[in-house]
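**Student:** How does the following fold in three dimensions:
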Amino acid sequence: MFGRIVVIVLVAVLVWAVLARDTGASGKPRRYTVQSGETLWTIASAQYGGDPRAGVWRLQQANHLDGSTIVPGQRLVVP
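**Tutor:** Now for the predicted structure:
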């Protein structure tokens, strides 16, 4: 009995993993051009609600930034 339940659960998880996919409901990421005097912190504060640290991390990950240095005119992907 227990073995059958385990097999059913494993099959269900496998089917879910195969069928689960991105719906595209979030839309395309936006582009943002850095202005003079801006930092990742100020951009994250303006673009995301809540704690700016999470927004800074998202910007760094989306733009493959190793640090927090950005320059005016640089185009960033804002997920």
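**Student:** make it CA atoms for all contacts and neighbour counts henceforth
**Tutor:** OK.
**Student:** how about the strands of the protein, start to end?
**Tutor:** Per DSSP state E, the chain carries strands over the ranges 30-33, 75-78.
**Student:** Out of these, which is the most enclosed?
**Tutor:** A comparison of these by mean neighbour count, using mean count of other CA atoms under 10 Å, puts strand 75-78 on top with a mean of 17.
**Student:** Give the pairing partners of it; include direction for each.
**Tutor:** Under the criterion DSSP bridges, strand 75-78 sits next to strand 30-33 (antiparallel) in its sheet.
**Student:** just to revisit the earlier point, want to throw the strands of the chain into JSON lines with distance to A54 and mean pLDDT?
**Tutor:** Shown next, in JSON lines, are the strands of the chain (distance: least, CA to CA, whole Å; pLDDT from 0 to 100):
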{"stretch": "strand 30-33", "distance to A54": "17", "mean pLDDT": "94"}
{"stretch": "strand 75-78", "distance to A54": "13", "mean pLDDT": "96"}
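**Student:** Of these, which is nearest F2?
**Tutor:** Closest of these to F2 is strand 75-78, at 47.8 Å (criterion: CA to CA).
**Student:** from the chain's centre, how far out does the closest one sit?
**Tutor:** Computed by CA atoms, centre = their mean, to the nearest Å, the chain-centroid distance of strand 75-78 equals 12 Å.
**Student:** Using CSV, write out every CA atom in that strand.
**Tutor:** As requested, the backbone C-alpha atoms of strand 75-78 are provided in CSV (Å, rounded to 0.1, in the frame of the first residue of the first chain):
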residue,chain,number,x,y,z
ARG,A,75,21.4,50.6,-19.9
LEU,A,76,20.1,48.2,-17.3
VAL,A,77,17.5,45.5,-17.5
VAL,A,78,14.8,46.0,-14.8
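**Student:** now the strands of the chain in a markdown table, with distance to V7?
**Tutor:** Listed next are the strands of the chain as a markdown table, based on distance: least, CA to CA, whole Å:
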| stretch | distance to V7 |
| --- | --- |
| strand 30-33 | 44 |
| strand 75-78 | 42 |
